[in-house]
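Trainee: Fold the following.
(2 chains)
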Amino acid sequence: MSATVLPPSGAVASARLESFSYDDDIVRKFLWATFIWGLVGMLVGLWIALQLANPIFNTSLEWLSFGRLRPLHTNAVIFAFAGNAFFCGAYYSTQRLLKARMFSDFLSRFHFWGWQAIIVAAAITLPLGFTQAKEYAELEWPIDIAIAVVWVGFAINFVGTMLRRRERHLYVALWFYIASIVTVAILHIFNNLSMPAGLFKSYSIYAGVQDAFMQWWYGHNAVAFFLTTPFLGLMYYFMPKAADGPVFSYKLSILHFWSLVFLYIWAGPHHLHYTALPEWASTVGMLFSVMLWAPSWGGMINGLLTLRGAWHKVADDPILKFFVLAITAYGMSTFEGPLLSIKSVNSLAHYTDWIIAHVHTGALGWNGFLTFGMVYWLLPRLFQTPVYSKRLMELHFWIASFGILLYVVAIYSAGVTQGLMWRAFDATGRLAYPDFVETVVRLLPMYWLRVAGGSMYIIGMLLFGWNIFMTWRRRPATYVVPVITAPALEKRYVPEVVTTPRPVGVWARFAAAGWHRTWERMPITFTVLTVLAVVVASLFEILPTFLIKSNVPTIASVKPYTPLELAGRDMYIAEGCFNCHSQMIRPFRHETERFGEYSKPGESVYEHPFLWGSRRIGPDLARIGGKYPHLWHVRHFNEPTSITARSIMPAYPHFLTKTIDFEEIQSRVDAMAMLGVPYGDAVNRAPQMAREQATEIAAEIERQGGPSDLADKQIVAMVAYMQRLGMDIKAIPTTVGVRP
Amino acid sequence: MKLSDIMGHANLSMYAEVAMVIFLLVFVAVAVRLFLPSRQQDLRDAARLPLEDDASIAAVPRKD
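Mentor: Just a heads-up that it's a prediction; the model follows:
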């Protein structure tokens, strides 16, 4: 084995040996952050799960309402827990695979502290209601800029390390890391392009259908390039380590890498089946999602079969148990994903808890368990002492596994139950459950099971933390930092096989060209090619919706919101109402019966950002305008259960006491006007127009027997917005002319 | 002048099919290259990379 230090070529024999050491301190930092933020993110998840199970957990504190905390939960577990786990594993494995210390210790620390600062900023701003209203991209523009800067620092550090590497070949795990780093940068920048309207307020530059398309191109690829490819990279490094044997098939790893990169980028539109998105886009998304099944299972099979000949070890190695369950969960959720992307299946599953069950199989099983296995493997190596307790590891594995099972089975049942109840008709052809709340309260027992399952997972997390802490406590006084020697790479690569006779025939020439081998050895070229693949694929999927105007037919009667309605809409966004209420009625009879005329693409041309939603915990609001009198809304916001006894919606009594900042509305209108929304006169006198409309609405509320002092209160803006929703297309007949 | 107006006049709609064909060709080329007999030893070596980093540490002369 000692010969392996030297490259196989005689040409390099004269290369000088270099000494260096790995930076494991940064790996330890990310390890701690992974645990701490993971626990925080999961506790927030538990809290919002309780709020759904019983509305008594909707406290009177507006910062702790479901709509504001749900984005905090998703952001924390994705970007803080999984993100730090990826960085932890990537910093450990990259240095070793490249036989080089990270390019810059400063950039490593900048990445670490910058990322933690961003997480803290998210944890503060999201409960305060600062949000862009796009899922997993909620953070406002100043934080988005910080993310881009930190990410670029990470990328420079990573590429710099590759340039200084002492191992010619780039192992496949590194390909997965590179693809993740470049794609996340592209996704983040393009989905977050927005027009600021204040320090913590902005509007997406895209509107309606285009914004939806952009968002789910981002949203699905966040799953792909933040939760899938980085973790596959980790799997390709840590699984062979734990199993003590090479990966089952290196060829398969290359094949499924390229197919994942090519296919994933097109799959996003499956989040928008039967919405106002053009059908061709929806179909493309479905086809590519179904094709994704192959490379995803390629990865799963490759991971599991790495254990060939070593299965007996699984019984007594908890690390392998975590890996096996993680990879199995990956296989299950990537089987379910393509299934859910099929339009007919999606018509049942969309807007229900089935999607929540699906993502939790992936997040708790794949990302969570891979992280646990990896961290347990790293603990003795990073803290240079045996792991505190193997029995606790075993206990963690079993309790968390049962937690996942309980969570997923309960929420999957909840999803199917609600989906079937929505579409049920009785013998007379009317909706079997016309009252939306009936389809919600039926789920409450399942929501309690979720609380139980989630709690078990969190108990596992506490055992995990205890084990990390106790191992850390037994660390040596000073860590041994091994000095490693390896020969530097030659500046110019000299291929070792050069004496073969000149190839004859096309195939042989193709083979001798060695072009793919050359790519693999040229990290910059490789990175550029990956970027090209991702950018080109994205552009050709996204551009058509932007450039083909016929994709979004306009409707003459659709007009921009009035300044007051816009203020109400901003409140709707700040409270995170879109987390529970969709504004997109699909063209199914059960939906049009329940909510009204299906939504048209032309209705959302001024929707910066789009607010179609992805989950209906409450009813769709696309046609709520004019359905109830003003006073109904006032009473409902003040105390939802006074209108719907079994409602689980949080109360918003502060809408009735807080005043509207009328002057601020001008900057909001101006930002919208900058984006091309035809605001006309409102560009000059938005506050005045808002005051006039507020006075009218307050007077109407009073006429209906409501409170009399509401003309400057937030509730008036909210009522104005609610009453406007879905009204524009109904206005068509009145514009034709007055009948005699 | 909105973005969609600018894009609308660029007349790029057929590029999607072209891109798809290019991707397919690249993928086929990668796949074919992967199974060439001359590559096999390289790939076997590459697969062992994660297992070799400990070996390089072991090669360092230790005092003990």
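Trainee: Need the three-state assignment for the most centrally placed residue in chain A.
Mentor: Closest to where the C-alpha atoms of chain A average out (Cα atoms, centre = their mean) is A:Tyr136, at 4.4 Å. When classified by DSSP: H, G, I helix; E, B strand; the rest coil, A:Tyr136 comes out as coil.
Trainee: surely A:Arg718 meets A:Phe655?
Mentor: To be clear, residue A:718 is Met; Arg isn't right here. Yes: if you go by Cβ atoms under 8 Å, A:Met718 and A:Phe655 touch, sitting 5.7 Å apart. Backbone N, C-alpha and C define where each C-beta goes, glycine included.
Trainee: Between the two, tell me which one has more neighbours.
Mentor: With neighbours defined as other Cβ atoms under 10 Å in any protein chain shown, A:Met718 and A:Phe655 compare such that A:Met718 has more, 27 against 23.
Trainee: Locate that one within the secondary structure: which element?
Mentor: Per DSSP states H and E: A:Met718 is located in helix A:714-724.
Trainee: how about the CA coordinates for that helix, as PDB?
Mentor: Taking Å, rounded to 0.1, in the frame of the first residue of the first chain, the C-alpha atoms of helix A:714-724 are listed here in PDB:
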ATOM      1  CA  GLN A 714     -54.800  47.300   9.000                       C
ATOM      2  CA  ILE A 715     -58.000  45.200   8.800                       C
ATOM      3  CA  VAL A 716     -59.300  47.700   6.200                       C
ATOM      4  CA  ALA A 717     -56.400  47.000   3.800                       C
ATOM      5  CA  MET A 718     -56.800  43.300   4.400                       C
ATOM      6  CA  VAL A 719     -60.600  43.500   3.700                       C
ATOM      7  CA  ALA A 720     -59.900  45.500   0.600                       C
ATOM      8  CA  TYR A 721     -57.500  42.900  -0.700                       C
ATOM      9  CA  MET A 722     -59.800  40.000   0.100                       C
ATOM     10  CA  GLN A 723     -62.800  41.600  -1.600                       C
ATOM     11  CA  ARG A 724     -60.700  42.200  -4.700                       C
END
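Trainee: ok so, going back, overlap of the contact sets of A:Met718 and A:Phe655?
Mentor: When contacts are counted by Cβ atoms under 8 Å, 6 or more residues apart in numbering or on different chains, A:Met718 and A:Phe655 have A:571, A:637 as shared neighbours.
Trainee: got the contact list for the closest residue to A:Trp47 other than its chain neighbours?
Mentor: Closest residue to A:Trp47 apart from its sequence neighbours, by Cβ to Cβ, 6 or more residues apart in numbering or on different chains: A:Leu69 at 6.6 Å. Contact analysis of A:Leu69 by Cβ under 8 Å, 6+ apart lists A:44, A:47-48, A:126-127.
Trainee: how about A:Leu69, secondary structure?
Mentor: Strictly by three-state DSSP, A:Leu69 counts as helix.
Trainee: now the longest helix seen in chain A, how far from the chain's geometric center?
Mentor: As assigned by DSSP state H, the longest helix anywhere in chain A is helix A:390-422. How far helix A:390-422 lies from its chain's middle: 20 Å, per Cα atoms, centre = their mean, to the nearest Å.
Trainee: and it, what other elements does it pack with?
Mentor: Here helix A:390-422 touches helix A:318-341, helix A:343-349, helix A:353-360, helix A:369-383, helix A:436-441, helix A:444-473, helix A:589-595, going by 3 or more Cβ pairs under 8 Å, 6 or more residues apart in numbering or on different chains; DSSP states H and E.
Trainee: Understood, closing this out.
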